[in-house]
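A.B. asks: next comes the sequence, and after it the predicted model I'd like to discuss.
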Amino acid sequence: MGEASYRALLIGVPSYKDGAIKDLPFIEQDLAELAQALDGSGYEVDVHDIEQTSRDEIESAVEIFFQEAAPGETLLLFLSGHGIHHNDTDYLVPRGALTRVHDFPGKCVPIDFGPYAERSAAGDVVVFVDACREGIDLREKGVGNVLRWSDVRVRRVGDRHYCHVYACSKGEFARYATAGQNTFSLFSRALSTLVADVSGPSSLGELEKGLQSALDQLTAEHECQRQQVRVRTESDTDTFTVFPRPQSAPPLAPGESLWARLALQHPAWNQVEESPGARLLKETVVNLVDRLHAQSLADRRLLEDDPWSPPGLAERTTERLTWLLSKVLNAEKLGLSPAEASLLVAVPFLSSAFRDRTAARALHVEPTRLTPAPGASPERVGFEQFVAANSRLARRAAQATRSGRTEGAAGIAWWLFHHWLVRHQSAEDRDDALAELLAPVREAGLAGTQAERKLVADLFDGDQLFLLLRGLLASPDFMVDRPVRRVAGASELEQDIRAQLVFALLTIATRSAIDPLALGDIVVDHLGISYAVSLPRLQETLEKATWDRLGRTRVLRAECEHPAVGLALHQQAAVLDGIFSSIDIRAATEQQLAPLEDLPAHATADEVVPALNAQGQRMYESTDLRFRLADDRIQELLMGEELYGDPALAIRELYQNALDACRYRGARTAYLRATDPGFTGRWEGSISFTQGYDDGRAYIECVDNGIGMGKRELREVFSHAGMRFADLPEYTEELARWETENVEFHPNSRFGIGVLSYFMIADDLQVTTCRLDPEGHPGPLLRVDIAGPGALFHIQEIGRGREAGTAVRLYLRDPATAPSAKDLLRRLLWIADYHVTAEDTMTGPDATPLTWLPEVLSEFAPLGVEDASAPTAARHGAPLVAATRQPTTWWCNGMGAVLADGLWCGLPSFGAVVNLTGRHAPQLTVDRKRCIGWDRDHVQRMLHTEIDALLVADSEVLRPPWLATLAEAQGYRLADAILRAAIAADHRPWGMGDHDAPPAIIGCFPADLEIPAAPATAPDGAVRPGHGRRPAGGASPAVGGRSRGDWGGRKESPWFPDSSPGR
């Protein structure tokens, strides 16, 4: 660092040779923290070697410090350790001083540096003394008054200002405290905090007041006795400048936005100003940011009632990036390209504006209305479904409204709205919003050379930017491969973007800026209640929060008025700690991340403390007391029949997880075929179940050739109860890419809790798996042995995989009571998405495997039964089936079912098999045996759409008795529509018994069906009474009355327990 007008020497004595003097190991970290704060405030700082702290070494260091001062230079000397007072002189106890000697004070360092100052060319001098501590035993010596600081006046030295600032007053001790695993001096911490605050005190007078206030707060927080800061000087404290402070920024010029100024002055430009394309990109970015600011202001006026909208988040994120680029990272090692610098400058503002724009565009869904709206738009329906999936919060909001806590109810509603946007925003809405915001870039791209236009277009590609924005919102993962991206290729402006490096820097800045919407659910869980979180106070807390340095750790400092906010900030610090740790490890081996090796290695929230009320008392007791799960007992519950009721659920979970894996691979393959002309991979999904013995051990194994798992999926999804792969950031990013090619994917299973159900029938399991990477290549082949739900995963890499997929083998606890996978699937799996086989060699001589063809109603599905989950359920007779154009709908002449992803879910249905999947999949109970919610209207639409399939020449399903029963089971509207279609097609045969007549003549009147069979016509050819009746006033034959007979109809409980459409 060049010559400065302010210089500091920090001396601390953390350890002592004399056992009667207590060591103070925390001093080293105190000095490091203060050094960083002083460095940021304009001081040139020297931290004295803690191993060179004898009396002579300390005195020599101080003397040289004064001798080498530049003319007029302000000097700051900080002393920390044990101290004593003797004969009107204060002393710092050096490392080698022994209390057993006669003249103990004579072995110490006198704190009187006036003679040094007189001989120095320095200007003002301030000496901080943090050295009167407990832990020094001098009771056996006749050294009087050794544990009191003096009240001696500090004389003025020449024309300069000179002062001593003591951590405590006469008769007091300088205290230290412990927070988490960190111990620190209260005085040193208070001083570091004030120095680091750019708007903190400048003069000695301001410093004295600020120090006392900060110290009072710290002593109260840590329940220590109060310390009175003591300043000794003959100078005017108001004219004694101790800390230089930057002048406030000039006011914005007319038409100038704060965002544009921050973008223009961003330190990233300093690293690339001489590079090709830098000036063009700087002008483009500043113009873009200026326009983003205007749009954001307009959108925020529309969103003025949104309590989650974080004021200043873009500015905070930019401030964190400024800190990283100017104070933490080495510019030469970082070596930014102009394109990388542009993204670092623009993305914080683009991210904030994009959220505002998408929220403003979606206001038509009425965010604060959490009850169903009549005539809802598709977007509103999607929002209502999301609200229904978060019913606990919806109930909380309703209760808050009834209780008059409208602010809490609004906070819950807006939280739901924002999270719905993030998870369910359509690709079209996303693209439109981003296109609106990037319009200034397109305008700028119309001018300039071809290379300049290409550079701007490549850099601001909408799809690439959205993936980056989406990744910043998701859980950060640096195991995802983000390759180097080249822009303006084959031109004089060609340059690279290290996507992983840019993502890492933006992630750190975003997470450390702390977006309130990124905090855990713990905050929204405390809205609308009697002891609620105040969202305006939360915003203030986040605005004031800082990350202080403690060695290679960043410590979050914040004062919270609610324990939920404190807990949320601890969780946020844990996330940032994981980011720092991951980068610290990977920077040693990954070229993209190597320039980030100087980042902090850890983050903690040890300085997140309760705020004080007007009486100086804590506003809450530090606690995270809440319901917790006892791991062993919860695992036993999840694995036991008490919760699920049936250990056969493990088989169903195996199938559903395999189905998801195949669907995932199918979507990835479809995307690769659509976007990569060179991709020629052929794939057809398959799932197989085998039950048998291996070396005397009974097992059930499920094998699929789906997406497979890597170490990341095993670590963060498979092993975590309740975690889904859909929660991983790479899935979110990939889903966004798939949407651009209209590739849909809807997961059905839920890893974690379902996986624990495997242990209902097995004591240990083995997984063999190979993950398919985003380019369609199989990764390493892994074998995982798990000896129980609480056991460690033993993962071995056994070579390169040839084919992606997963094999899960359950070693059965008791073969005699274990369910048969083959028999269970026979009863429950009615329609398979992919080729499925099941073989059981344990059940007897009949080991013939069962086979399910893709998207075909299974030939052994137990049609005609009320409960397919019953062990004895089997197909009755030879039911008639009519296929339709869609594999999700099949007509049948007896009892069918509504299925969930092809599986029985407890919904018997006369006359049809309907498979609900994707966004229409039913909501099931945890044991999968009962449906608690499904889209009835969608089922009716599906059946209406496939009426034509009943009219084909070889269809034997559509007959009057069947239609009469269908009318009672499914509603007259559907039955009438079928009859009208039969009349229009003159569907035959039609009638009763051996008699056939056109449906236009006979119709379908259920009362007629109860009349004994008789000839349809008289000898004279007239139609007999009772045939061809029409409903009163009806213009066409219709279905009416009630149905009874022996044609297989249900005599009780129609398909839907409540009124069906048209009833």
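C.D. replies: Everything's here; your move.
A.B. asks: am I right that residue 573 is in a helix?
C.D. replies: Yes - note on residue 573: a helix contains this position according to DSSP: H, G, I helix; E, B strand; the rest coil.
A.B. asks: how many other residues sit next to it?
C.D. replies: One way to gauge burial is a neighbour count; for residue 573, by other Cβ atoms under 10 Å, it gives 25. Where you see a C-beta, it was placed from the backbone N, CA and C, and this is true even at glycine.
A.B. asks: so what's it closest to, chain neighbours aside?
C.D. replies: The spatial neighbour of residue 573 that comes closest, neighbours along the chain excluded (Cβ to Cβ, 6 or more residues apart in numbering), is residue 605 at 3.7 Å.
A.B. asks: which pLDDT value belongs to that neighbour?
C.D. replies: At residue 605 the predicted local confidence, pLDDT, stands at 94.
A.B. asks: show the contacting residues for it.
C.D. replies: Residues touching residue 605, when contacts are defined by Cβ atoms under 8 Å, 6 or more residues apart in numbering, comprise 555-556, 558, 569-570, 572-574.
A.B. asks: could I get the residues you listed as JSON lines with distance to residue 39 and pLDDT?
C.D. replies: Putting these into JSON lines (distance: Cβ to Cβ, whole Å; pLDDT from 0 to 100) gives the following:
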{"residue": "555", "distance to residue 39": "17", "pLDDT": "92"}
{"residue": "556", "distance to residue 39": "20", "pLDDT": "94"}
{"residue": "558", "distance to residue 39": "23", "pLDDT": "93"}
{"residue": "569", "distance to residue 39": "26", "pLDDT": "95"}
{"residue": "570", "distance to residue 39": "28", "pLDDT": "94"}
{"residue": "572", "distance to residue 39": "26", "pLDDT": "94"}
{"residue": "573", "distance to residue 39": "23", "pLDDT": "95"}
{"residue": "574", "distance to residue 39": "28", "pLDDT": "93"}
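A.B. asks: ok, so of these, who is nearest residue 871?
C.D. replies: residue 574 (47.8 Å; Cβ to Cβ).
A.B. asks: that closest one: neighbour count?
C.D. replies: Look at residue 574: counted by other Cβ under 10 Å, it has 14 neighbours.
A.B. asks: which residues does it contact?
C.D. replies: By Cβ under 8 Å, 6+ apart, the residues touching residue 574 are 603, 605.
A.B. asks: before we move on, back to that, reformat the contacts of residue 605 as CSV; add distance to residue 828.
C.D. replies: Rendered in CSV, the data for the contacts of residue 605 read as follows (distance: Cβ to Cβ, whole Å):
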residue, distance to residue 828
555, 54
556, 50
558, 52
569, 47
570, 44
572, 44
573, 46
574, 41
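A.B. asks: pull the most distant pair out of these.
C.D. replies: Spatial extent of those (Cβ to Cβ) is set by the pair 558 and 574 at 14.5 Å.
A.B. asks: which stretches in the stretch 601-750 of the chain count as strands?
C.D. replies: With DSSP state E, counting those that start in this stretch as the criterion, the stretch 601-750 of the chain has strands at 602-610, 686-694, 697-704.
A.B. asks: as a markdown table, the ones you listed with distance to residue 207 would be great.
C.D. replies: Compiled in a markdown table, the strands of the stretch 601-750 of the chain are given as follows (distance: least, Cβ to Cβ, whole Å):
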| stretch | distance to residue 207 |
| --- | --- |
| strand 602-610 | 21 |
| strand 686-694 | 72 |
| strand 697-704 | 68 |
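A.B. asks: to residue 582, which of those lies closest?
C.D. replies: Ranking these by their distance to residue 582 (criterion: Cβ to Cβ) puts strand 602-610 first, at 11.3 Å.
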